[in-house]
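K.L.:
Quick one, structure for this:
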Amino acid sequence: MSFQLEELLRGAGTLDELVQQLVAIENEARQVQDRLEPFLYDSYKTGCDALNAVAESAKEVGKVRQDLVEIAGAVRASHRDYVEAEARNAKPHELDLDQYKLSGAGGIFALGRDLTEENYNRRFPDGFEVGDVVHHLLDSPLLAAYQPRPVSIEKLGESAEDLQPTMAESLRRLERLHALNDGEIEVIGFESNGSASWMVLIPGTQPDSTSTNPFNIQGIGEAVGYDSEEVVPAVGQALREAGAEAGDQVVAVGHSQGGIHAMNLSRNKAFLSEFNLKYVLTAGAPVGDIAPEPGISSLHLEHVQDWVPGTDGRMNPDTKDRVTVTLTDDVKSPEGEDPGIGPGHGQENYARGAELVVGSHDPSLAASTTVFAGIVGAGGAAKVTRFKLKRDPMPDQRGSLRLPNLPESRSSAGAR
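P.N.:
Below is the predicted model:
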């Protein structure tokens, strides 16, 4: 497609403005008619001719105005039809589980992205938001361990590297961070023509790590239910300690849970007031209900065999600045290898997809990748700083529970 659906609504809005201008012209024509009437008695023929000419002009303007009203209505109807058609096309026409079955996995792991969204929408009413429900559930005192706690950062090291800051290479670096299983992120600094730009790499869920790792299972709750309220400030602090200054351009890259944190940067007003976040790249992340601030571009990589991006039950909005690429190649786990949550969720799978994206001639993808490349540059010397993020441990609850005074038992009273 050579246009975005939002352009239809913008065009309809422009037509509405023209209609209002024509209404003003019609009103002005009526005022001219009123002012001409006194001159009828001075020159009846020429006065009538003038009045008729003005009336005819007003009538023609009225016809054009009505035509524009009808065109604007047709454009809005076209937008509605396109949205409905795309919503139908995004769902699987035949719920064929065999098409999405993953080697060695069962239950929800047998669902792809489309089937996960389909199941979600069948079970929950319109307006149901995963984030609101997660927040409500985790606010329970019984789930205090899953509520956000302050996150501090520790600088682990800094090095100069010669690297190619492509989308694919960024995702492969993320895979190496994920394997460390230790809550680490990377901040990469680039410099071109005297101006600095930065890339932040945020890994996905590290389930086997300690409770102080903000990217463990508990981190999903903070990302989805609390808009990454502790991780976002930690990322901002990491950028500052790496050398980023206010107003510097930033690219955020995240896989799975990390993609949610990355997108939450795009709507955090405190973060955006300091840094100029220009681009977010996510892979296998459920981010359909996160709305970035205007002017921030984002590209979302998803795979039909990856159920994770479907867990929010929302298709990603399709706008001028926001593009979603759905990978459809058949992926399987190697023989004898644990599939984890499915091969479709693998970062190498998404890295290969990113390589295809960069080589695409699709207008939307070409525009998106140009924005990305314009921020990080063509590659070369870069400063790489690694940080470890650490969540505060749970406060010691011992001694905080006080039992009420109970009456002494008869046996103890008799023994006194």
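
K.L.:
Strands along the chain, start to end?
P.N.:
Under the criterion DSSP state E, the chain contains strands at 151-163, 184-192, 195-202, 249-255, 276-283, 297-303, 322-327, 380-391.

K.L.:
residue contacts, residue 22?
P.N.:
61, 62, 64, 65, 68 (C-beta atoms under 8 Å, 6 or more residues apart in numbering). Backbone N, C-alpha and C define where each C-beta goes, glycine included.

K.L.:
Turn the residues you listed into a markdown table, columns for neighbour count and distance to residue 16.
P.N.:
Formatted as a markdown table, the contacts of residue 22 follow (neighbours: other C-beta atoms under 10 Å; distance: C-beta to C-beta, whole Å):
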| residue | neighbour count | distance to residue 16 |
| --- | --- | --- |
| 61 | 18 | 16 |
| 62 | 15 | 16 |
| 64 | 13 | 14 |
| 65 | 18 | 11 |
| 68 | 18 | 8 |
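
K.L.:
and residue 263, which of the strands of the chain is closest to it?
P.N.:
Set against residue 263 and scored by C-beta to C-beta, the strands of the chain come closest in strand 276-283, at 5.6 Å.

K.L.:
rewinding a little: dump the strands of the chain into JSON lines; add distance to residue 241 and mean neighbour count as well.
P.N.:
Below are the strands of the chain laid out as JSON lines (distance: least, C-beta to C-beta, whole Å; neighbours: other C-beta atoms under 10 Å):
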{"stretch": "strand 151-163", "distance to residue 241": "6", "mean neighbour count": "13"}
{"stretch": "strand 184-192", "distance to residue 241": "8", "mean neighbour count": "20"}
{"stretch": "strand 195-202", "distance to residue 241": "12", "mean neighbour count": "23"}
{"stretch": "strand 249-255", "distance to residue 241": "14", "mean neighbour count": "26"}
{"stretch": "strand 276-283", "distance to residue 241": "18", "mean neighbour count": "26"}
{"stretch": "strand 297-303", "distance to residue 241": "26", "mean neighbour count": "25"}
{"stretch": "strand 322-327", "distance to residue 241": "30", "mean neighbour count": "20"}
{"stretch": "strand 380-391", "distance to residue 241": "7", "mean neighbour count": "19"}
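
K.L.:
Which of the contacts of residue 22 sits closest to residue 273?
P.N.:
Closest to residue 273, out of all of these and judged by C-beta to C-beta, is residue 68, at 40.9 Å.

K.L.:
Could I get the contacting residues of the closest one?
P.N.:
Neighbour list for residue 68: 15, 18, 19, 22 [criterion: C-beta under 8 Å, 6+ apart].

K.L.:
any chance of those in a markdown table, plus distance to residue 8 and pLDDT?
P.N.:
Formatted as a markdown table, these follow (distance: C-beta to C-beta, whole Å; pLDDT from 0 to 100):
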| residue | distance to residue 8 | pLDDT |
| --- | --- | --- |
| 15 | 11 | 90 |
| 18 | 16 | 92 |
| 19 | 17 | 88 |
| 22 | 21 | 91 |
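
K.L.:
Tell me the one of those residues nearest residue 380?
P.N.:
For the contacts of residue 68, the residue nearest residue 380 by C-beta to C-beta is residue 15; the value is 48.6 Å.

K.L.:
wait, doesn't the closest one sit right on residue 70?
P.N.:
No: assessed by C-beta atoms under 8 Å, residue 15 is found out of contact with residue 70, at 9.8 Å.

K.L.:
who's more crowded, those two?
P.N.:
Between residue 15 and residue 70, counted using other C-beta atoms under 10 Å, residue 15 has the larger neighbour count: 19 against 11.

K.L.:
Mean confidence (pLDDT) on stretch 34-53, please.
P.N.:
The average pLDDT within stretch 34-53 is 80.

K.L.:
Same question for it: list its buried residues.
P.N.:
The neighbour-count check on stretch 34-53 (16 or more other C-beta atoms under 10 Å) flags 36, 47, 50, 51 as buried.

K.L.:
ok, now stretch 358-372?
P.N.:
In stretch 358-372, counting by 16+ other C-beta under 10 Å, buried: 364, 365, 368, 369, 371, 372.

K.L.:
what's the closest non-adjacent residue to the first one?
P.N.:
Same thing as residue 364. residue 323 (5.0 Å; C-beta to C-beta, 6 or more residues apart in numbering).

K.L.:
separation between the one you found and residue 155?
P.N.:
34 Å (C-beta to C-beta, to the nearest Å).

K.L.:
what do you get for residue 393?
P.N.:
Shown here: residue 393 relative to residue 155, a distance of 21 Å by C-beta to C-beta.

K.L.:
repeat for residue 233
P.N.:
Distance, residue 233 to residue 155, by C-beta to C-beta: 16 Å.

K.L.:
before we move on, what about residue 238?
P.N.:
According to C-beta to C-beta, residue 238 stands 8 Å off from residue 155.

K.L.:
Check residue 66 too.
P.N.:
Separation of residue 66 from residue 155 (C-beta to C-beta): 67 Å.

K.L.:
Ok, residue 19 next?
P.N.:
Residue 19 is 59 Å from residue 155, where distance means C-beta to C-beta.

K.L.:
same thing with residue 68?
P.N.:
Taking C-beta to C-beta as the measure, residue 68 falls 61 Å from residue 155.

K.L.:
Repeat that for residue 290.
P.N.:
For residue 290, the distance to residue 155 equals 29 Å [C-beta to C-beta].

K.L.:
hey, what's the residue nearest to residue 364 bridged with?
P.N.:
residue 299 (DSSP bridges).

K.L.:
How about the contacts made by it?
P.N.:
Residues near residue 323 by C-beta under 8 Å, 6+ apart: 298, 299, 300, 364, 365, 368.

K.L.:
Can I get those residues in JSON lines including distance to residue 10 and pLDDT?
P.N.:
Converted to JSON lines, the contacts of residue 323 look like this (distance: C-beta to C-beta, whole Å; pLDDT from 0 to 100):
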{"residue": "298", "distance to residue 10": "20", "pLDDT": "97"}
{"residue": "299", "distance to residue 10": "22", "pLDDT": "97"}
{"residue": "300", "distance to residue 10": "23", "pLDDT": "97"}
{"residue": "364", "distance to residue 10": "16", "pLDDT": "88"}
{"residue": "365", "distance to residue 10": "21", "pLDDT": "92"}
{"residue": "368", "distance to residue 10": "19", "pLDDT": "93"}
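
K.L.:
Of the residues you listed, which is the nearest to residue 136?
P.N.:
Distances from residue 136 to the contacts of residue 323, taken by C-beta to C-beta, are shortest for residue 300, at 26.4 Å.

K.L.:
Many thanks, we can stop here.
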